[in-house]
Every structure is written in C-alpha cells, then in structure tokens.
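Peer 1: Here's a sequence, model it:
(chains A and B)
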Amino acid sequence: MPAVGNSVARKDGIGKATGRAQYADDITFPGMIHGRTIRSTIPRGSIRSIRFDFDTDGFTIVDYRDIIGRNSVDLIEKDQPFLAERDIRHMAEPIVLLAHEDRERLNAARVEIEYEEETPVFDPEQSPEIFKKIDIVKGDVASALATADVVVEGTYRTGHQEHVYIEPNGVIAVPEDVEGKKGVAIFGSVQCPFYVIKALRCLFGKHPPIRVIQTETGGGFGGKEEYPSMIAGHAALLALKSGRPVKIIYDRLEDMIATTKRHPAIVRHRTGVMRDGRIVAMDIDVLMDGGAYVTLSPVVLSRGCIHAAGPYRCENVHIRGRTVFTNTPPNGAFRGFGAPQTEFAVEVQIERVAEALGMDSVELRRINALRPGDTTATGQTLRKDTSALMVLEEAVRRTDYARRREQLKGTNRGLGLSLFYHGAGFTGSGELSLKSRARLELTPTGVRIATGSTEIGQGTRTTHAQIVSDALGIPYEDVEVAQPDTARVADSGPTVASRTCMVVGKILEGCAHEMKERLNGLSPAEYHARHGAFNVEQVYEPPDWIKWDDAAYRGDAYATYGWGCDVVEVEVDPDTFEARPVKLTAVQEFGRPIHPALAQGQIEGGTAQGLGYALLERVVMVNGAMANSQLTNYIIPTTLDMPELDVVMLENPYPGGPFGAKGLGELPMDGPAPAVVNALRHLGLDIREIPATPELIASCAAVA
Amino acid sequence: MRFVLNGTSTIVDAHPMARLLDVLRQDCGLTGTKEGCGEGECGACTVLVNGEAVCSCLIPVGQVESADVVTIEGLGDDHPLQHHFMNEVGAQCGICTPGMIMAALSLGPSPTLADVRTALAGNLCRCTGYSAIYRAVMKWRETQNASGPAPASAAR
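Peer 2: Numbering: from 1, shown residues only, chains lettered A, B, ... in the order given. Reported below is the predicted structural model:
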C-alpha cells in the first residue's frame, strides 16, 4: 500500500500522546541557570539611567555593551537591536538581561530605568516613516473606472492578531567547546533554525561555532519564524558571559506583550463594474502597520498586495501598498502573511459590488472568477491547476446556498460565502534565490531524512517520510526523520509560506529517485550491508517557466495557488449582539493531499484561527502595549465557540509538487473572516471591520 | 507532603503554596504536564485529582495532601484514548494533548458530542479546531461501550 494518500501513523504521535515529547521547557542541563529580560515601559524616548535595586551577587547581567559583534537582528534589514542602547521605539523593548540559578531571586530583582519620553506615533496613517512601498499596475485603471457602469468604494480594517501557540517562546543556550573554540548550542522552540544561525552570526561577529537544535515545538503559526532569533541571541549572550547553560522561557503575558502579531491593515477599494457583472477596474490601496522595526513587513506587504485583487480576472488593476513605522512592538509573520487582511477586504467588497448591482453575489463571483489562461494582477497567466470555479460550485451545491439564504430570511441567522486563493511557496524568484537543500542518508535499516524543515504540528516528519517512502519504494516505517540540528542537516530554507511539503518534499522526492538508482534494486539494508552508507543531497529547482521581475512587480508571483470557498451560517444574539458561527463548510483544493487526515487538520485548525480573527480576537492597544495580554481577556476559540465543520478536499494536481501536492498550511486562514462578515451582511449589518465584536455589531445594528 | 502520584505513594519536600504544576515538573520530573498560561485558562496543565480534572497551575500542592493525583505519565503509553488520539490525529503540535487527554478521561461512559465539547471547553487547542479531538474521544468511548472495558492493548 502506498504511503502517500493514506493517513499513516504520525511519526511523532506516540511521543505527543504520552507526554514524552520534549519541549524546550522540559529540558534541563547540568548547571543550568534562568534568564530574564528587562523591557522598556515607555513606547518612545531614550534611556537616561539604569539602576539595579537588588543584590547583584550571583547574577549574570548583560546589556548592549556585552555585544562583541553587531547589535542587530539580521533579517531583511538590520535595524532592530537585540538590546536597546539609548533609543526606545516600542513598549517591552529589551534593554537588560539578567540570569540567576534561583528563579525566585531572578523574578524579584528590580531594575529601575529612567527615560526621556517622546511623543509616540500609533496611527499608521500619521506615520512619518515608510518601510516599504509596492506598486502593481495592470492596464489602465483610471480610464476603466471612468467608463464603468457602477463604481463601488469601500474601506476595510483588520486588527492585530496574536498567534497564541499554546507553548510560549523559549530557548536554552548551552556553551560548548567545538575543536577548542568557545561556541554555543541553542535548543529551542523555533520554526527556522537557520534564521537563528544568521542572526547569531551577526550578533557575535567573529563566527564562534553556533548550532541550533529545534526542540519539539508547541505551535508556531509564524510566531516562531523570526522572533526566536531575538530570544536565542539573549540566551546566548547570557550563556557566553556566565559560562553556564541559560534557559529563557517566556510566560504568557511576556509572550503576548513583547512578541510579534499579525499586521493591522486598512484596505481601500474602488471597483468599476459593468451592469452585466464584469469587473473592469480594481483600484486598491493597502496600508499595513509594521510596528517599530522592519522585521518581515516588506514581504508581508508583498504577499498581501499580490492577493489584494482576490481570485478574480480584471484587465485594469492598480494596487498600491505601503507598510509603515509606528511605536508598537514589531508585527511579523502570521499564517497567511498579509493575505488574510487583503482577502478579507476584497471579499466583502465583492459582496457590496453585488449589492450595488442588484446581482446575486455568487453569480458575480462566477462571472469574474479566475480561470486557466486568465492573468492575475501581476500578469501571471494561470495554468490548469486553477480551481476557483470548482471550489465555488462545490460549496454552493453542497450547502444549497441560494435556498438556504432564502430560508434564513427573517431569522437571526445569516449565510455568507468567501472565495479565496493562496500562493504556495516563496514569492516570485524567492525559491530560486533560496537554493534550498535536502539530504537523504542511507542507514543500516532504511533511510534518514536530514533537513532543516521543522515539525511544528503540521506534520512535516510524516509527510516528508511518506514522500520518501513511496519515491524510494520502501516501507514508511523504514524512513526516519532527523531532529533539525544546523550542524548536521541540510539548510532546506525556512518552515514558512506553505512550502515545506510542496518545495522541500519535492527536493526529497528527487533525492529518493537518485538514491533508488544507486541502490540498483537492493533494499537500503542490503546495500548498506554490502557497500556501506552514502548520502544524497539535492538543491531545489523551481519550475523553469517561472519568470519574475522584482523591480516592476510583474510575472509569475507563485508557482501555484491553493483555492478555497467557505460558506458559514452565523447566528446573532438579538440581546447581546454576539455572533456565533453555527456551521461552516470549507471546500479547498490544494493539489493532492499527501496525508488526508493531516490535511483535514490543517483546514480545520486554520478555519478555527480564521473564525477567531473574524469574531473574537481583539488586541487592545493602550499606549503602545497590548492591554489584554492574557488568555483571560484575549479570547481564542474554545470547543464551545466552534461551529460544526464540514471539510471538502478537492484535487487538481500541481505537476511541480511531490505527487501533485500544493502548499496548504495558510490557505484555510484566508476564508473564514470574509465569509463571517458576509453572513452578517446577510442580516443587514454593514460591517467592514474585524474582529466583529458584539460592540461593533451593536453599533452597526443601531445604524441599520 | 505526601500524596499518591500515578498510583505510587510519593513524598515531596515542597512549600505547601508551591504550584502543583511546578512540583510535578520540577520535583517529580514529570514534564508531560505542560504550562500554557499559568492562570487556568488554557488547560495544558490538566491533571486528575481524586478523579477530577483540574488545572495544576492553580492548585497549591498543599491542597493535594493525601490525594490521588494522576498525570499523563500515569496512563503509560498504551491507553486506548492515547491510541485514538494518534489514529485520529488529535495531536498536531502536541502541547495541549496531555491536558486534553486528562480532561477527556473525566467524561462519563456514554457522552454525546455536546458532552465532549463541554468537558473540553477549558482546554485550548490552537492547531486542530478541535474536530479531530472530538473524533478521537468519541471513537474511544464508542469502542469502550462496544466491547466493555477492554484491556488497553486490545483497543488498537
């Protein structure tokens, strides 16, 4: 029986079900001490003085003067310091690090910092500094708007969102000697071990031996893409100064107040449409709040802008994007990476365009949905693996959409729909320049996968092993997966962007084919016994037809896209104005599922995060800091908040993916919010913002 | 301080106000019980005290004096519910799984889906959207009811 296409046992199932899986906080080292971060308590200004109001005996204390290399987290830019020197740009900015073996003494230590305060900027529309601008132009929007029968305008707002991985950020830095050189090993809850390597090489300048070992990771969702570089740097500084292993584990409050969030966005649309429903012009303005440092904002903006026109054909499109500085903690990667914001906006806009035309919104989507051969806003000609119509028709049929809408009239329930898509892998030429590598090692009993791709719950170990098993023609059980340790695995690029199964899985498939040829009919065990071990390593080669011009923002933005249509029925309590999703149907096409149960889990989990984004998850910012930084008052969906989920997985293989697979992880995040808000529109509530809290719904109901 | 931990009488030298969670993880070396929030909201630290599911981050160890405490380690690695969690992919990242399993153990013999949802309402999962967890728990109960309390190894 082939492994691919079957829901084989998860490689990590037993460890997780028994509690034996070792997360960062479960690990100790001899002589280990604990680290703590002293953070700014103002959003903007400068440090005047620092005073230690405790007996410093036995403490290791680090500030920026202990940094021997460069005080910069090396990401896209090098603007963010590991430790503030003088200037403070946001609340909870790290300033001083303390470590001690006694956690009670550590937590009791008081550090008094005096500041010179300056007036902070919180409103992105008033920001004096633009991190990145993007301009996507197709056709002539101005002329098309002038000749359109109807022009619809709208402004849409989305808030911050906190990842709430159930395991907060945490790492342990362990000093180690590597061939006589003083180095450090980082054990931690990380998505991208090689990002940490890059950041620490910048921090320590003279290249002390550094390796990063991923421990079992209790969720990431993008929240452990770039932030772990910061906390790993802190732990490493303390470890190298103290000469002892240092563990830093954030508690929930610190994690929520200090680490990245989803970028808030304001998206403005002007859509020109003809009476027959053809969309002829889309003029879109995207503003994202980047927070205090650049982090990944330019690429989040990029993905957001590329998806901003939605899965629709239109010959005249202008998308202007900018991401700006504010005095709030930097925003960063979060599942969907800019697309949930812009796809929310376009899908509510489409609903309003239909209303303006007096046309059924499904029919409007049907007329304009992207088909194979159509071109996107960046001028990409779509291929056969384009499924907008397929997912739309299946969702409409399965939910009996029109009839159900009719049935619900006059009740306190609304039915809404969203059509969405998500580009898989890095944008444009990103995969080409990444040059991701993967390695397969022959062992006495089978093969071992050695990549930097991390298991963060999505099933990396399992899907990769399935791909190798079938490509090599050996039992799934004979494939083992090495723990990512940067000293001994290949750099397969970051575990982000829905690329791990599709891109890294594809390299592994190639490795397996090469290995099979060398085995020449022998099983791995037979070959090993006769000839000994060997490794196969390959580099990713994107499809040769991909052409991308980064300067003009034209070309093939993604090698392929996943497609989705969500239909949700939402009930609004007439007294409390709470909106409760009752049933959600998620129809999604992502090539071919390598592991149907894992794929379904991605859709169900991503849908839950999307529903939280739509209705519950409001980050309240007061003076530049998250005021509800606890799970008592930042609410994510519980069992009782979740509707019945009906998941439909459709296939339309992507020839460039392993066994036809496309990326899936982020796609399910894009659909729920607009579907929910469109269901509220069905109830006559003109909502253009998320989260749609009871307060917001009440204010719309008062107007309606 | 004496209590019964996973069936074994245990003595720990801990301050009575120390969190049960810390005593389990640090003094007893049982790290299967996880901390997700430290304020009783996420349920990752759920253990059974005298058969009742509680958040061990909210319980001072003094409160379990002579009580019967069961953690995920107390199930061994062959409990039918663990197998159903594996088969139904009820665990993704796995950090909520021990608490989720312990909370589900407190369910009655023939729960409806609504009963399962209510019993697990205090346990947050950010990965699964809960559906796979319901499937695991419901199958576990269906199997048990079909065959009576079977030996653990037969449940797979």
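Peer 1: Outline the domain layout of chain A.
Peer 2: Annotated domains of chain A cover A:13-21+A:430-539, A:31-115+A:166-258, A:131-162+A:261-427+A:555-703 [automatic domain parsing].
Peer 1: Dump these into TSV; add distance to A:F122, mean pLDDT and mean neighbour count as well.
Peer 2: Backbone N, C-alpha and C define where each C-beta goes, glycine included. As requested, the domains of chain A are exported to TSV (distance: least, Cβ to Cβ, whole Å; pLDDT from 0 to 100; neighbours: other Cβ atoms under 10 Å in any protein chain shown):
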stretch	distance to A:F122	mean pLDDT	mean neighbour count
domain A:13-21+A:430-539	28	98	21
domain A:31-115+A:166-258	8	97	20
domain A:131-162+A:261-427+A:555-703	6	98	22
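Peer 1: Save those domains as a markdown table, and put in distance to chain B too.
Peer 2: Putting the domains of chain A into a markdown table (distance: least, Cβ to the nearest Cβ, whole Å) gives the following:
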| stretch | distance to chain B |
| --- | --- |
| domain A:13-21+A:430-539 | 2 |
| domain A:31-115+A:166-258 | 3 |
| domain A:131-162+A:261-427+A:555-703 | 3 |
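Peer 1: B:G62 is nearest to which of these?
Peer 2: domain A:31-115+A:166-258 (17.7 Å; Cβ to Cβ).
Peer 1: Tell me the gap between that closest one and the middle of its chain.
Peer 2: In terms of Cα atoms, centre = their mean, to the nearest Å, the centre of domain A:31-115+A:166-258 is found 23 Å from the chain centre.
Peer 1: circling back: could the domains of chain A go into TSV alongside distance to B:A103?
Peer 2: Output for the domains of chain A, formatted as TSV (distance: least, Cβ to Cβ, whole Å):
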stretch	distance to B:A103
domain A:13-21+A:430-539	14
domain A:31-115+A:166-258	14
domain A:131-162+A:261-427+A:555-703	10
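Peer 1: For B:I101, find the nearest of these.
Peer 2: Using Cβ to Cβ, those put domain A:13-21+A:430-539 closest to B:I101, at 7.0 Å.
Peer 1: Need the distance between the two termini of the closest one.
Peer 2: 30 Å (Cα to Cα, to the nearest Å).
Peer 1: and what of stretch A:69-79?
Peer 2: First-to-last residue span, stretch A:69-79, Cα to Cα: 14 Å.
Peer 1: now do stretch B:56-72
Peer 2: End-to-end distance for stretch B:56-72, by Cα to Cα: 12 Å.
Peer 1: do the same with stretch A:153-171
Peer 2: 48 Å.
Peer 1: Spatially central, which residue of chain A would that be?
Peer 2: In chain A, the centroid-proximal residue (Cα atoms, centre = their mean) is A:R335; its distance is 2.5 Å.
Peer 1: Spatially nearest residue to residue 74, not counting backbone neighbours?
Peer 2: Just so you know, I chose chain A. A:C202 (3.8 Å; Cβ to Cβ, 6 or more residues apart in numbering or on different chains).
Peer 1: meant chain B actually
Peer 2: Residue nearest to B:G74 in three dimensions, not counting chain neighbours: B:N6, with 3.3 Å by Cβ to Cβ, 6+ apart.
Peer 1: if I look at the one you found, how far off is A:D25?
Peer 2: B:N6 is 21 Å from A:D25, where distance means Cβ to Cβ, to the nearest Å.
Peer 1: A:M359 too?
Peer 2: Counting by Cβ to Cβ - A:M359 and A:D25 are separated by 55 Å.
Peer 1: So A:E118 sits against A:R89, correct?
Peer 2: No: applying Cβ atoms under 8 Å, one finds A:E118 not in contact with A:R89, separated by 9.9 Å.
Peer 1: tell me, how many neighbours does the residue nearest to B:G74 end up with?
Peer 2: Using other Cβ atoms under 10 Å in any protein chain shown, B:N6 has 18 neighbouring residues.
Peer 1: Next up, the contacts around it.
Peer 2: B:30, B:69-71, B:73-74 (Cβ atoms under 8 Å, 6 or more residues apart in numbering or on different chains).
Peer 1: And for A:V504?
Peer 2: A:V504 sits next to A:436, A:438, A:451, A:453, A:464, A:492-493, A:540 when contact means Cβ under 8 Å, 6+ apart.
Peer 1: My guess is A:R488 contacts A:A450. True?
Peer 2: Yes: in this structure, A:R488 is within contact of A:A450 by Cβ under 8 Å, at 6.7 Å.
Peer 1: what sits in contact with each of those two?
Peer 2: A:A482.
Peer 1: Tell me the spatial nearest neighbour of the closest residue to chain A within chain B, not counting adjacent residues.
Peer 2: Per Cβ to the nearest Cβ, B:G32 is where chain B lies closest to chain A, at 2.3 Å. Leaving aside its chain neighbours, B:G32 sits nearest to A:G19 (2.3 Å; criterion: Cβ to Cβ, 6+ apart).
Peer 1: ok, that neighbour - contacts?
Peer 2: Contacts of A:G19 (Cβ under 8 Å, 6+ apart): B:30-33, B:71-73, B:97-98.
Peer 1: What is the nearest of those residues to A:L419?
Peer 2: Nearest to A:L419 among those, with distances taken as Cβ to Cβ, is B:T97, at 34.4 Å.
Peer 1: Tell me how many other residues surround the closest residue to the closest one other than its chain neighbours.
Peer 2: Leaving aside its chain neighbours, B:T97 sits nearest to B:A91 (4.2 Å; criterion: Cβ to Cβ, 6+ apart). When neighbours are defined as other Cβ under 10 Å, B:A91 has 31 of them.
Peer 1: likewise B:A114?
Peer 2: Quick note: B:A114 (other Cβ under 10 Å) scores 10 neighbours.
Peer 1: Could you look up the SS state of it?
Peer 2: Here B:A114 is recorded as helix under DSSP: H, G, I helix; E, B strand; the rest coil.
Peer 1: Roughly how far does it sit from A:Q191?
Peer 2: In terms of Cβ to Cβ, B:A114 sits 36 Å off from A:Q191.
Peer 1: again with A:T576
Peer 2: In terms of Cβ to Cβ, A:T576 sits 38 Å off from A:Q191.
Peer 1: and the residue of chain B closest to chain A, which of the three is it?
Peer 2: Criterion first, three-state DSSP; result for B:G32: coil.
Peer 1: Next up, the contacts around it.
Peer 2: Contacts of B:G32 by Cβ under 8 Å, 6+ apart are A:18-20, B:71-73, B:98.
Peer 1: A:E480: what secondary structure?
Peer 2: Assignment for A:E480 (three-state DSSP): strand.
Peer 1: partner residues bridging it?
Peer 2: A:R448 (DSSP bridges).
Peer 1: what about it, distance to A:A673?
Peer 2: 40 Å.
Peer 1: Report the buried residues of the helix or strand bottoming out on mean pLDDT in chain B.
Peer 2: For chain B, the helix or strand with the lowest mean confidence is helix B:131-147, at a mean of 92 (criterion: mean pLDDT, DSSP states H and E). Neighbour-count burial for helix B:131-147 flags B:131-141, B:143-144 (criterion: 16 or more other Cβ atoms under 10 Å in any protein chain shown).
Peer 1: Great, nothing more from me.
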